[in-house]
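# Task: produce atomic coordinates for the following.
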Amino acid sequence: MTGAKDTILALASGALPSALAVIRVSGSRVRDLIDTHLSPNTLPPRQACLVHVKTADGETTLDQSIAISYPAAASFTGEAGSAALT
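Sure thing, here's the model as predicted:
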């Protein structure tokens, strides 16, 4: 079982292998993960944005993705969340 402050990153689409995957992130560190791994990292709420997925050091682009940010209190679960289609 996870605690209230845990951050969860999980595959939310069908089983792999697949051409596309939906990855859902929720919890207290969503903002940190967006800042570290997405460029640009300013995502307007509830709008699909084209982003580059980066390594932790920010030096290498791994892929392009569509990311959607759901701010806390405005999401289905009431916590901050983000979804990425890769």
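# Could you pick out the longest strand of this protein?
Determined from DSSP state E, the single longest strand within the chain is strand 61-70.
# If you count contacts, what does that one end up packed against?
strand 38-39, strand 49-54, strand 81-85 (3 or more Cβ pairs under 8 Å, 6 or more residues apart in numbering; DSSP states H and E). Backbone N, C-alpha and C define where each C-beta goes, glycine included.
# List the buried residues for that strand?
65, 67, 68, 69, 70 (16 or more other Cβ atoms under 10 Å).
# now those residues as a markdown table including distance to residue 79 and pLDDT?
Shown next, in a markdown table, are these (distance: Cβ to Cβ, whole Å; pLDDT from 0 to 100):
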| residue | distance to residue 79 | pLDDT |
| --- | --- | --- |
| 65 | 21 | 93 |
| 67 | 17 | 91 |
| 68 | 15 | 89 |
| 69 | 12 | 85 |
| 70 | 9 | 81 |
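# any chance of the residues you listed in CSV, with distance to residue 20 too?
Shown next, in CSV, are the buried residues of strand 61-70 (distance: Cβ to Cβ, whole Å):
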residue, distance to residue 20
65, 10
67, 14
68, 14
69, 19
70, 19
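# just those now: which is nearest residue 36?
Nearest to residue 36, judged by Cβ to Cβ, of those is residue 67 at 13.1 Å.
# I'd like to know how far the closest one sits from residue 49.
In this view, residue 67 and residue 49 are 5 Å apart by Cβ to Cβ, to the nearest Å.
# okay, now residue 53: neighbour count?
17 (other Cβ atoms under 10 Å).
# Surely it touches residue 60?
No - in this structure residue 53 lies outside contact range of residue 60 using Cβ atoms under 8 Å: 9.8 Å.
# coming back round to it: restricting the selection to alpha carbons, write the longest strand of the chain to PDB.
What follows is strand 61-70, C-alpha atoms only, in PDB (Å, rounded to 0.1, in the frame of the first residue of the first chain):
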ATOM      1  CA  THR A  61      16.500  14.000 -25.400                       C
ATOM      2  CA  LEU A  62      15.000  10.500 -25.200                       C
ATOM      3  CA  ASP A  63      11.800  11.000 -27.000                       C
ATOM      4  CA  GLN A  64       9.000  13.500 -27.900                       C
ATOM      5  CA  SER A  65       5.700  13.200 -26.100                       C
ATOM      6  CA  ILE A  66       2.300  14.800 -25.500                       C
ATOM      7  CA  ALA A  67       2.000  15.800 -21.900                       C
ATOM      8  CA  ILE A  68      -1.100  17.000 -20.000                       C
ATOM      9  CA  SER A  69      -0.900  18.500 -16.500                       C
ATOM     10  CA  TYR A  70      -3.700  18.200 -14.000                       C
END
